[in-house]
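Kindly generate the corresponding structure for this input.
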Amino acid sequence: MKILVIDDDPSVRKFIATTLKNENYTVTEAENGEDGLKKFQEERDIGIIITDLLMPDKEGIETIMEIRKVNPSIKILAISGGGKAGPENYLLLADAVGANATLKKPFSGQELIMCLRLLE
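Here you go, the predicted structure:
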């Protein structure tokens, strides 16, 4: 299964991509919501999207809402480390706009894989 990882932090993106590749997932990476939406529209075989919520250019909530308009059934995992309001507020909002699951940063590779297995 191909997974699209959208996160503006290169180290987080690399950690997620490496963890997923070790579990035999195919990974496409994007550094913000704008880039993520473009890749989502170009690559038709994406099965799950993992998106950060706080990013420049286009943040995760807006990205989730736009993806939902195009594909209401794709699985979306929202991740966040917080910001000023704290991660819980952003994750609740992501849930409200259509994320299938949420994960608070920092998380382990094992937590990520467990979360994805529930989505599959």
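
any residues touching the least confident helix or strand in the chain by mean pLDDT, and which ones?
One helix or strand of the chain scores below all others by mean pLDDT, DSSP states H and E: helix 87-97, with a mean of 87. Defining contact as Cβ atoms under 8 Å, 6 or more residues apart in numbering, one finds that helix 87-97 is touched by 53-54, 60-61, 64-65, 68, 78, 80-83, 99, 102-105. For the C-beta atoms, the positions are set from N, CA and C on the backbone; glycine is no exception.

Buried subset of those residues, written for PyMOL?
The buried residues among these can be selected in PyMOL (16 or more other Cβ atoms under 10 Å) with this line:
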select buried, resi 53+54+60+61+64+78+80+81+99+102+103+104+105
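
Can you list which of the contacts of helix 87-97 are found in strands?
Judged by DSSP state E, the contacts of helix 87-97 include 78, 80, 102-104 as members of strands.

In JSON lines, list those along with pLDDT.
Formatted as JSON lines, those follow (pLDDT from 0 to 100):
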{"residue": "78", "pLDDT": "97"}
{"residue": "80", "pLDDT": "93"}
{"residue": "102", "pLDDT": "96"}
{"residue": "103", "pLDDT": "96"}
{"residue": "104", "pLDDT": "94"}
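
Could you point out which of these is nearest to residue 38?
residue 78 (19.2 Å; Cβ to Cβ).

Please report how far residue 80 lies from residue 99.
Going from residue 80 to residue 99 by Cβ to Cβ, to the nearest Å gives 10 Å.

How about residue 114?
Distance from residue 114 to residue 99, by Cβ to Cβ: 16 Å.
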